[in-house]
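**Q** Have a look at this fold, sequence not included:
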């Protein structure tokens with residue numbers, strides 16, 4: 001498959017080089033971040049709404065690891081939690 005076809009089909013998610021170079025993030029946090037980016041582009045939405053179960057399945061890591069990665073990404077200012085209505 002040619003690069004152009006891959007780009008058009010959106011079969012990948014790119015993580016910004018600056019994020020990959022960060023030493024304060026674990027590899028798991030970077031995988032979770034890339035998973036969220038992939039979801040944003042596949043849905044063409046302004047937010048990625050996935051459960052920790054969905055993220056874990058897509059990223060191939062455990063739910064506990066996902067929850068820690070999400071906390072790390074939030075602390076790093078890369079993501080913001082969604083406010084749920086009460």
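**A** The structure has been received and is ready for your questions. Quantities reported herein were computed from a predicted structural model and do not represent experimental measurements.

**Q** if you count residues, which helix in the chain comes out on top?
**A** helix 27-43 (DSSP state H).

**Q** Tell me the helix or strand right after it.
**A** Later in the chain than helix 27-43, the nearest helix or strand by DSSP states H and E is helix 52-59.

**Q** how far does stretch 70-81 stretch from start to finish?
**A** 9 Å (Cα to Cα, to the nearest Å).

**Q** Which of the three states applies to residue 78?
**A** coil (DSSP: H, G, I helix; E, B strand; the rest coil).

**Q** just to revisit the earlier point, by how many degrees do the longest helix of the chain and helix 52-59 diverge?
**A** Note on geometry: by axes from the mean of the first three to the mean of the last three Cα atoms, to 10 degrees, helix 27-43 and helix 52-59 are set 100 degrees apart in direction.

**Q** now helix 27-43: mean pLDDT?
**A** The average pLDDT for helix 27-43 rounds to 86.

**Q** How far off centre is it?
**A** 2 Å (Cα atoms, centre = their mean, to the nearest Å).

**Q** what does stretch 52-69 give?
**A** So, by Cα atoms, centre = their mean, the centroid of stretch 52-69 is 10 Å from its chain's centroid.

**Q** Touching it from outside, list them.
**A** 26, 28, 29, 31, 32, 33, 35, 36, 38, 39, 50, 70 (Cβ atoms under 8 Å, 6 or more residues apart in numbering). Heads up, the C-betas are built off the backbone N, CA and C, glycines and all.
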